[in-house]
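> sequence unknown, structure follows:
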């Protein structure tokens, strides 16, 4: 474990140390939920490092092509390249959905812990939906970047920079989190309606 990765393990190690200081060893297990939440920092880093970036970049380019075609824009994807005009967009590892997958997975686990659903299959479905949502939303962002690059807009370089490097990327991350939050809220409402019957 290198120095960068060990930083993400510190919250869990500090939480375990604090748990041992405040509770007898046999009662530490009662603190499993807070310790699990603290371990999510490490999990997010591990997901970011273990997922295959090149494969996800190619998948992201293909889904971005599909989204553009559904919107009526001619697009072609070849490997990690997505083209809508004369200028292709190369989907690098940093734009391959890995970080968004890690974020949504961690947030989904927090939702499942904080607001539990009784049905185990529903919880598993929700956790499996996180990476799918992340890939699709990020592919929409990559598709928008390819459309901007292939367009004749005068300010396309500023638009590309905004949606790639600046706040625009965070907007798409927020959209993905809103989608996952709304899905979970719908699942909880369904459970509450079912409990009343």
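Received it, and whenever you're ready, just let me know what you need. Everything numeric here is computed off the predicted structure, so don't read it as measured data.

> For the nearest residue to residue 138 once chain neighbours are set aside, give me phi and psi.
Among residues not flanking residue 138 along the chain, residue 97 sits closest, at 4.1 Å (C-beta to C-beta, 6 or more residues apart in numbering). Where C-beta positions appear, they are placed from N, C-alpha and C, glycine not excepted. For residue 97, the backbone dihedrals (degrees, to the nearest 10) come out as phi 80, psi 0.

> my guess is residue 97 contacts residue 139, does it?
Yes - contact status for residue 97 versus residue 139: in contact at 7.4 Å, counting by C-beta atoms under 8 Å.

> list residues touching both of those two?
59-60 (C-beta atoms under 8 Å, 6 or more residues apart in numbering).

> For this protein, which residues score under the pLDDT cut-off?
Counting by pLDDT under 70, the chain has low-confidence residues at 1-5, 166, 197.

> most distant residue from the middle of this structure?
residue 24 (37.1 Å; C-alpha atoms, centre = their mean).

> In contact with that one: list those residues for me.
Contacts of residue 24 by C-beta under 8 Å, 6+ apart: none found.

> now it: how far from residue 13?
Distance, residue 24 to residue 13, by C-beta to C-beta, to the nearest Å: 19 Å.

> Same check on residue 144?
Counting by C-beta to C-beta, the gap from residue 144 to residue 13 is 41 Å.

> out of the two, which sits in the busier spot?
residue 144 (20 against 13; other C-beta atoms under 10 Å).

> Which strand or helix spans the more buried one?
helix 120-150 (DSSP states H and E).

> follow-up on the earlier one: measure the residue nearest to residue 138 to residue 143 for me?
In this view, residue 97 and residue 143 are 13 Å apart by C-beta to C-beta.

> ok, now residue 155?
Distance of residue 155 to residue 143, given as C-beta to C-beta: 19 Å.

> Which one of these two is surrounded by more residues?
More neighbours surround residue 143 than the other of residue 155 and residue 143, with 27 against 10 (other C-beta under 10 Å).

> Perfect, I'm done here.
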